[in-house]
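Asker: Here's my sequence, what's the structure:
(one chain, ligands or ions: 1)
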Amino acid sequence: MKITGKFEINNIYQGDCIELLKNIAAESVDLIFADPPYNLQLNGELYRPNQTKVDAVSDEWDKFESKEKYDEFSNSWLKECYRVLKKSGSFWVIGTYHNIFRVGSIMQNVGFWILNDIIWIKTNPMPNFKGTRFNNAHETLIWATKSAKSCYTFHYHAMKAMNDDLQMRSDWFIPICHGKERIKINGKKAHSIQKPAELLYRIMISTSNLDDLVLDPFMGSGTTAAVAKRLGRNFIGFEKEKTYIDVANSMLKKIVSIKKELLLYKIENPKPKVAFGNLIEKGYVKIGEKLYSEKKDKEAVVQADVSIESENEIGSIHKISAKILNKESNNGWDFWYVLRNNELISIDSLRYAYKRDFSNKSKADQGSAN
Ligand SMILES: C[S@@+](CC[C@H](N)C(=O)[O-])C[C@H]1O[C@@H](n2cnc3c(N)ncnc32)[C@H](O)[C@@H]1O
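Answerer: Residues are numbered from 1 along each chain as shown. Sure, this is the predicted structure:
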């Protein structure tokens, strides 16, 4: 799928994001996650008490001549992000005390409407080796939309379930990227600030949907792309340094997408009001097709009148499943499956697909009428 004449989705492009963003169509992106340079302004090397050197962020991409130059840079990429974000989209940016207040202020000047700031509390932060300040154990995320009136996605119930049935709070306790997750080349970190996948998982699960387009203008080692691929979202990424893109692409090859059926936010919605007949009318289930029980030991054939036939019994999906189970009644939606690409897919999940496809279509129809 192309989002402009220039970019294919599910790719990372090399270059300056400010220039590359200009080639993306206005209001085409559902979610933006940006992890921009921090402008740390480190003076000299940092050593631990045992005189070993601290692996701090001293990369060229993090250096700016002055605060004014950093602000100019922030203003340029934020304006482009504002332009490409859909009216219903979510914008996320992460930073430390070095940059987040400047970025937050410019964001508001550009037009963004702030919904929350989230404190990412690092459960395993790097100590303050000199003992001259508090241990800097968090980063700040800002979640914003294009305006106060934006109709944005927020999976409230999913977040609540993730937090043991208590409202998800704005303090997130997540370890920094470590252990097996940390990508290394010859024993050295492949990227000095690889973000933990858990952080992006929470952002995408809470504020985007299956098949949405996620943009990361500062892709680094590819965390955003990897989580998007895993969660059935599409992505597009920009990154200045080729070496990081290579790291990201080789990591991406190993990421396996979660089955769509498991990504449907059933907790957010009551069962969709879609009848079995609707699925047949729109071709999600075909007349003459076989339905199977979960263990594939029972079969039924779909009839043109929307009934199903199994072992010479005719009835609805519910009646026939009840008969098979020797029960008075049964919910056929939970009993029957169809075969798709040699895999059993529950007919219940087809109702969610139907609802998603047709509510997207009606949104698109409304858009084209405007
Ligand atoms: C803080 S890091 C992002 C790390 C990333 N979130 C990850 O998990 O690996 C910022 C990245 O932005 C890149 N970068 C800096 N300026 C850029 C620009 N103008 N356009 C595109 N990428 C840029 C840097 O090379 C660096 O990899």
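Asker: Can you tell me which residues in the chain are near the ligand?
Answerer: 16-18, 35, 37, 61, 191, 193-195, 218, 220-221, 223, 238-241, 244 (CB under 6 Å from any ligand atom). C-beta coordinates here come from the backbone N, C-alpha and C atoms, glycine included.
Asker: Low-confidence bits of the stretch 151-300 of the chain, can you list those?
Answerer: 270 (pLDDT under 70).
Asker: For it, which segments count as helices?
Answerer: Under the criterion DSSP state H, counting those that start in this stretch, the stretch 151-300 of the chain contains helices at 156-162, 197-207, 223-230, 242-253, 276-281.
Asker: that older thread, and the residues of the chain next to the ligand, which of them are in strands?
Answerer: The members of the residues of the chain next to the ligand that map onto strands under DSSP state E are Phe238, Glu239.
Asker: Put the buried members of the residues of the chain next to the ligand into a PyMOL selection.
Answerer: Buried residues among those (16 or more other CB atoms under 10 Å), as a PyMOL selection:
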select buried, resi 17+18+35+37+191+193+194+195+218+220+221+223+238+239+240+241+244
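Asker: which of the helices of the stretch 151-300 of the chain is buried the deepest?
Answerer: Ranked by mean neighbour count, the helices of the stretch 151-300 of the chain are led by helix 223-230 with a mean of 25 (mean count of other CB atoms under 10 Å).
Asker: what is the orientation angle of that one with helix 197-207?
Answerer: 60 degrees (axes from the mean of the first three to the mean of the last three CA atoms, to 10 degrees).
Asker: Use 305 as the first number from now on
Answerer: Right, with 305 as the first residue, what we last looked at is helix 527-534.
Asker: neighbouring contacts of helix 527-534?
Answerer: In this structure, residues lying in contact with helix 527-534 by CB atoms under 8 Å, 6 or more residues apart in numbering are 314, 316, 337, 339, 481, 498-501, 503-505, 508, 518, 520, 523, 538-539, 541, 552, 555-556, 559-562.
Asker: Output it in CSV with nothing but the alpha carbons.
Answerer: The C-alpha atoms that make up helix 527-534 are tabulated as CSV, following Å, rounded to 0.1, in the frame of the first residue of the first chain:
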residue,chain,number,x,y,z
THR,A,527,11.4,-0.6,18.3
THR,A,528,8.3,1.1,17.0
ALA,A,529,8.3,-0.9,13.8
ALA,A,530,8.8,-4.2,15.6
VAL,A,531,5.8,-3.6,18.0
ALA,A,532,3.6,-2.4,15.1
LYS,A,533,4.4,-5.5,13.1
ARG,A,534,3.7,-7.8,16.1
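Asker: neighbours of Tyr342, just the number please.
Answerer: Residues contacting Tyr342 under the criterion other CB atoms under 10 Å number 20.
Asker: who's in contact with it?
Answerer: Contacts of Tyr342 (CB under 8 Å, 6+ apart): Val361, Asp366, Gly399, Thr400, His402, Asn403, Ile497.
Asker: which residues does the residue in the chain positioned nearest to the ligand contact?
Answerer: Nearest residue of the chain to the ligand: Gly524, at 2.6 Å (CB to the nearest ligand atom). Listed by CB under 8 Å, 6+ apart, the contact set of Gly524 reads Asp339, His495, Ile497, Gln498, Lys499, Glu543, Tyr548, Ala552.
Asker: What of Ile618?
Answerer: Gln607, Ser611, Ile612, Ile624.
Asker: now the end-to-end length of stretch 625-635.
Answerer: 8 Å (CA to CA, to the nearest Å).
Asker: cool, and stretch 415-435?
Answerer: Span of stretch 415-435 from end to end, CA to CA: 40 Å.
Asker: What of stretch 506-518?
Answerer: The first-to-last residue distance of stretch 506-518 comes to 14 Å (CA to CA).
Asker: I would like the residues contacting that stretch, please.
Answerer: 307, 313, 332-337, 394, 396, 445, 447, 456-459, 462-463, 466, 472, 476, 478, 528, 531-532, 535-540, 564, 567-569, 660.
Asker: Now Trp396. Nearest residue, chain neighbours left out?
Answerer: In space, and not counting its chain neighbours, Trp396 is closest to Phe337: 4.7 Å by CB to CB, 6 or more residues apart in numbering.
Asker: Cross-reference the contacts of stretch 506-518 with the strands and report the matches.
Answerer: 333-337, 394, 396, 445, 447, 476, 478, 538-540.
Asker: wait, doesn't Ala608 sit right on Lys590?
Answerer: No: with contacts counted by CB atoms under 8 Å, Ala608 stays clear of Lys590, the gap being 10.5 Å.
Asker: Looking at these two, which is more packed in?
Answerer: Lys590 (11 against 8).
Asker: Next one: the more buried one from Arg437, what distance?
Answerer: Separation of Lys590 from Arg437 (CB to CB, to the nearest Å): 67 Å.
Asker: Just list the residues touching the nearest residue to Thr427 once chain neighbours are set aside, thanks.
Answerer: Nearest residue to Thr427 in three dimensions, chain neighbours excluded: Pro479, at 4.7 Å (CB to CB, 6+ apart). Pro479 sits next to Lys426, Thr427, Asn428, Pro500, Glu502 when contact means CB under 8 Å, 6+ apart.
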